[in-house]
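In: sequence and predicted model, in that order:
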Amino acid sequence: MPDSTSPDPTAEPSSSSGPARNIELEVEVAGTPEEVWRAIATGPGISSWYVPHTVEEREGGAAMASFGPGPEMQIPGRVAAWEPPHRIVFDGGEDAGGLAFEWLVEARDGGTCIVRLVNSGFGSGEPWDDQYDGMAEGWLLFLRNLQLHCEHFRGQSATAVLPMAMWPGPRAATWAALCDGLGLPASPSVGDRVAVTSPDAPPLGGTVLDAESWRLALLLDEPAAGTAFLAAEGDGDEVGVSVWSYLYGEAGAAAAARDEPRWWSWLGERAAAPPTAG
């Protein structure tokens, strides 16, 4: 997830000519426009389903997205448009160029809203092609998590735990190695309860919400209430391996502080080893 969905709003578009490309996606989520607005336009809301954010809640306000612990992973931005509760635009700043993210909220009957994302500013040629493809895939995961946040934890705030590492590919073998290393079934069914059984990994357990050949989405009950996405992303010699969770309440914050360093270590220690399962 981090590699494929680490937008850099300050990146300059390629000078190569070519048609403009946007990622345009939409999902239906539970909640009123005001409740959904909190989820997509405020720091605590965005941090509960994407990556940690701070947002000055006004047009022209500063924003900051944290994709990891290093200073190079702190991505500044700007609130280019602020029209609560229906439209917000983030970009890299006036005349900065790079990527922009427009979010639109439209109420529907039955207490739901349609959330639309228009991610623009992609250049042409490599490495833009790889970034475009990776982000298009990654946004699907995060928008799914937005749905889960609005359905199960609307109005609450989570502490994000976002460890990842690059493991040797290919992806199918990497995914099998991840599941085998954690003691998780590689192909669980939706509705199953699964839990990490490896004695050297932090606790993680919950109900399977989505299961594919390279990722798993969970509604957590351990180590705290929340959501989690386990994924193996990429098709090259190296594959991005993520065990990302969003933990709610005081118990979640305590578990995040305790477990995040352990997850980074667990994933990092296995980064150099070739996949052995699958």
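Out: In hand now; what should we look at? Numbers count the residues shown, from 1 in each chain.

In: does Gly169 touch Gly240 like I think?
Out: No. Judged on Cβ atoms under 8 Å, Gly169 makes no contact with Gly240 at a distance of 9.9 Å. C-beta coordinates here come from the backbone N, C-alpha and C atoms, glycine included.

In: point out where this structure drops to low pLDDT.
Out: The model of the chain has pLDDT under 70 over residues 1-19, 273-278.

In: mind listing residues that contact the longest helix anywhere in it?
Out: Identified as the longest helix of the chain according to DSSP state H is helix 128-152. Residues from elsewhere that reach helix 128-152 (Cβ atoms under 8 Å, 6 or more residues apart in numbering): 1, 3-5, 7, 13-14, 21, 23, 25, 27-31, 35-36, 39-40, 48-50, 115, 117, 119, 122, 158, 209-210, 215, 217, 219, 227, 229, 231, 233-234, 246.

In: who does the helix or strand Val243 falls within pair up with?
Out: Using DSSP states H and E, Val243 sits in strand 238-248. Sheet pairing here is set by DSSP bridges, and for strand 238-248 it gives strand 158-161 (antiparallel), strand 164-168 (antiparallel), strand 226-233 (antiparallel).

In: will you turn these into TSV that also has mean neighbour count and distance to Leu99?
Out: Shown next, in TSV, are these (neighbours: other Cβ atoms under 10 Å; distance: least, Cβ to Cβ, whole Å):
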stretch	mean neighbour count	distance to Leu99
strand 158-161	24	21
strand 164-168	21	21
strand 226-233	25	19
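
In: nearest to Ala176, of those strands?
Out: Of all those, it is strand 226-233 that lies closest to Ala176, at 8.9 Å by Cβ to Cβ.

In: what is the neighbour count of Asp109?
Out: Asp109 is flanked by 5 other residues according to other Cβ atoms under 10 Å.

In: for it, give me its contacts.
Out: With Cβ under 8 Å, 6+ apart as the criterion, no residue contacts Asp109.

In: quick one, phi psi at it?
Out: Per-residue torsions, Asp109: phi -70, psi 150 (degrees, to the nearest 10).
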